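> need a structure here:
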Amino acid sequence: MRSTLLKCLITLLLAMAATINSPVSFAQQKFSLCWSIYVGWMPWEYGDASGIIDKWAAKYGIEIDVVQINDYIESINQYTAGDFDACSMTNMDALTIPAASGVDSTAVIVGDFSNGNDAVILKQGSTLADIAGQQVNLVELSVSHYLLARGLQSVGLSERDITVVNTSDADMVAAYTTSGVTAVTTWNPIVNEILSMQNATSVFDSSMIPGEIIDTLMVKTEVLEAFPEFGKAVTGAWYEIMAAMRDSEEVRAHMGDASGTDLAGYESQLATTQMFYEAKDAVEFVNSPNLKTTMEYVANFSFQHGLLGEGAPDAEFIGIETPAGVYGNTANIQLRFDPSYMAMAAEGSL
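Have a look, this model is predicted:
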């Protein structure tokens, strides 16, 4: 009972903080963007270090403060509480943290989707069906948990057939080396490190559910509506960075070094990430009706695991707006996918 009350209080406080600390002001000229280390979000570090973001901000007469947050979930919490105007996050976390807390957010940039970066790994067995009856170490209620649930569905199993053991990503490699751990679900670079060990077989990965674990830049909708120049600046900067990243080994080496690896390590992660280097490809992805279907899967998983808030009566409690239509409650839209800024980049009109 106390746990339930505490969760309700945290959600209420986050929503109140977002209102009190609302960044929208008619005089606002400075904006803030936070990111955390992941293969698909290293472009923000390079854009900041190279001056590309400053250049695009100056074009629109604004300032953009780019801040690295070491803890991924904490970055989203700070965004939700009103400390940042924009934040890099996955589609699932955008739904279950800011949207579930009443913070209306818009995906201005869809940068990539995981195409093998997330995986289920077994010590014993060669197929996912062999996981039945095992304990599975993962970061509970994360995209790893979602990946496992989708994988279990594909082989006629459910979470009732396994036991989830909540394990920090920082402890995952060490855990796998112990005799008591026989199955894990995690993400890169941890996946590559575990697969380099003996008795490690990937039996299901995100390439088997392509386009479902999506990496985005979320911007508060009220900020975007009041200051579209912010959306234009970050989008213009992003695609200049994408061009540099695609064409320059030196740029990719910089990103690898900044993320704690080297060029080879970074490119091995890129190999299992479907990057949208061209704006037109990202626009096509967002405009596809598959996005709405994906968000339905995500919403159902989130509801089943109590991630849409204590008051959510069903998976459709929160409205999710996509170009193909709204999934969920049209009177409670808190998450939006808007390809219009990327379309301007594709047309060269930014």
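> Ala233 looks like it's in a helix, true?
Yes - when DSSP: H, G, I helix; E, B strand; the rest coil is applied, Ala233 is found to be in a helix.
> For it, list the residues it contacts.
Ile53, Trp56, Ala57, Lys59, Tyr60, Ile62, Ile64 (C-beta atoms under 8 Å, 6 or more residues apart in numbering). All C-beta spots, glycine's among them, are computed from the backbone N, C-alpha and C.
> please redo it, this time with the cut-off set to 10 Å
31, 53-64, 227, 341, 350 (C-beta atoms under 10 Å, 6 or more residues apart in numbering).
> So for it, what's the pLDDT?
Listed pLDDT for Ala233 reads 98.
> which SS state does the residue lying farthest from the centre of the chain fall under?
Taking C-alpha atoms, centre = their mean, the residue of the chain most remote from its mean C-alpha position is Ser179, at 31.9 Å. State at Ser179, reduced to three classes by three-state DSSP: coil.
> quick one: it from Thr163, how far?
Between Ser179 and Thr163 the distance is 17 Å, computed by C-beta to C-beta, to the nearest Å.
> try Asp104
37 Å.
> if I look at the residue farthest from the centre of the chain, how far off is Gly125?
Relative to Gly125, and taking C-beta to C-beta, Ser179 is found at 16 Å.
> Surely Gln334 and Ala94 touch.
Yes - counting by C-beta atoms under 10 Å, Gln334 touches Ala94, with 9.3 Å between them.
> neighbour-wise, which of the two wins?
Using other C-beta atoms under 10 Å as the criterion, Gln334 and Ala94 rank with Ala94 on top: 29 against 22.
> That one should be in a helix, yeah?
Yes - assignment of Ala94 by three-state DSSP places it within a helix.
> where does the residue nearest to it when sequence neighbours are not counted fall, helix, sheet strand or coil?
Nearest non-adjacent residue to Ala94, counting by C-beta to C-beta, 6 or more residues apart in numbering: Met218, 5.2 Å away. Assigned by three-state DSSP, the conformation of Met218 is strand.
> ok, what's across the strand from Met218?
Following DSSP bridges, Met218 is listed with bridge partners Cys87, Ala107.
> Buried residues, the helix or strand harbouring Gln269. List them.
Using DSSP states H and E, Gln269 maps to helix 263-270. Residues of helix 263-270 classed as buried: Gly265, Tyr266, Glu267, Ser268, Gln269, Leu270 (neighbour count, 16 or more other C-beta atoms under 10 Å).
> for stretch 288-296, same thing?
Leu291, Lys292, Thr294, Met295.
> low-confidence ranges in the stretch 151-300 of the chain?
Applying pLDDT under 70 to the stretch 151-300 of the chain flags no residue at all.
> can you give me the strands in it?
Per DSSP state E, counting those that start in this stretch, the stretch 151-300 of the chain carries strands over the ranges 163-166, 183-187, 201-205, 214-220, 273-275.
> Break the chain down into its domains, please.
As given by automatic domain parsing, the domain ranges for the chain are 2-113+213-347, 118-208.
> hmm, back to that, I figured the residue farthest from the centre of the chain was touching Gln124, is that so?
No - here Ser179 lies out of contact with Gln124, judged by C-beta under 10 Å, at a distance of 11.5 Å.
> And the residue nearest to Met242 when sequence neighbours are not counted, how close does it get to Glu45?
Among residues not flanking Met242 along the chain, Tyr277 sits closest, at 4.7 Å (C-beta to C-beta, 6+ apart). Here Tyr277 is placed at a distance of 17 Å from Glu45 (C-beta to C-beta).
> Mind giving me the ChimeraX select for the contacts of Ala233, buried ones only?
Here is the ChimeraX command that selects the buried residues among the contacts of Ala233 (16+ other C-beta under 10 Å):
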select :31,53,54,56,57,60,62,64,227,341,350
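> Would you mind writing the CA trace of stretch 307-321 as PDB?
Extracted as PDB, the C-alpha positions of stretch 307-321 are listed here (Å, rounded to 0.1, in the frame of the first residue of the first chain):
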ATOM      1  CA  LEU A 307       4.100   1.800 -16.200                       C
ATOM      2  CA  LEU A 308       1.300   4.000 -17.400                       C
ATOM      3  CA  GLY A 309       0.400   5.200 -13.900                       C
ATOM      4  CA  GLU A 310      -1.700   3.800 -11.100                       C
ATOM      5  CA  GLY A 311      -4.800   5.400 -12.500                       C
ATOM      6  CA  ALA A 312      -4.500   4.000 -16.000                       C
ATOM      7  CA  PRO A 313      -7.500   1.700 -16.700                       C
ATOM      8  CA  ASP A 314      -6.100   0.200 -19.900                       C
ATOM      9  CA  ALA A 315      -3.300   0.400 -22.500                       C
ATOM     10  CA  GLU A 316      -5.200   3.200 -24.300                       C
ATOM     11  CA  PHE A 317      -5.100   5.600 -21.400                       C
ATOM     12  CA  ILE A 318      -2.500   7.800 -23.000                       C
ATOM     13  CA  GLY A 319      -3.000   9.100 -26.500                       C
ATOM     14  CA  ILE A 320       0.000   8.600 -28.900                       C
ATOM     15  CA  GLU A 321      -0.200  10.600 -32.100                       C
END
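> buried stuff in that stretch?
Buried residues in stretch 307-321 (16+ other C-beta under 10 Å): Leu307, Leu308, Gly309, Ala312, Ala315, Glu316, Phe317, Ile318, Gly319, Ile320, Glu321.
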